[in-house]
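**Student:** Build me a structure from this.
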Amino acid sequence: MDIIVLAGGLGTRLKPITENLPKPLVSIAGKPFLTYIFDYL
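**Tutor:** Residues are numbered from 1 along each chain as shown. From the prediction side, this is the model:
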């Protein structure tokens with residue numbers, strides 16, 4: 001299966017967290033957000 005994950009945007013509402021880190025890699029409960037998306041798929 002081929003997938004495309006759209007993870008765009010500047011993350012301005014998460015500004016202190018996204019200064020040095022892309023939005024999909026922001027940690028939620030110890031795991032990057034992108035990991036949750038991959039687990040869901």
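**Student:** show me where this structure has helices.
**Tutor:** Listed in chain order, the helices found in the chain under DSSP state H are 33-40.
**Student:** burial measure for Thr18, as a count.
**Tutor:** Other residues lying near Thr18 total 16 when counted by other CB atoms under 10 Å. Just so you know, the C-beta spots here come from the backbone N, C-alpha and C atoms, and that holds for glycine as well.
**Student:** Now do the contacts for it.
**Tutor:** Taking CB atoms under 8 Å, 6 or more residues apart in numbering as the criterion, Thr18 is in contact with Leu10, Gly11, Thr12, Val26.
**Student:** at 7 Å what do you get?
**Tutor:** Residues near Thr18 by CB atoms under 7 Å, 6 or more residues apart in numbering: Gly11, Val26.
**Student:** That one and Leu41, how far apart?
**Tutor:** Separation of Thr18 from Leu41 (CB to CB, to the nearest Å): 23 Å.
**Student:** got it, and Gly30?
**Tutor:** Taking CB to CB as the measure, Gly30 and Leu41 are separated by 20 Å.
**Student:** so Ile37 touches Leu6, yeah?
**Tutor:** No - the pair formed by Ile37 and Leu6 falls short of the contact definition of CB atoms under 7 Å, at 10.1 Å.
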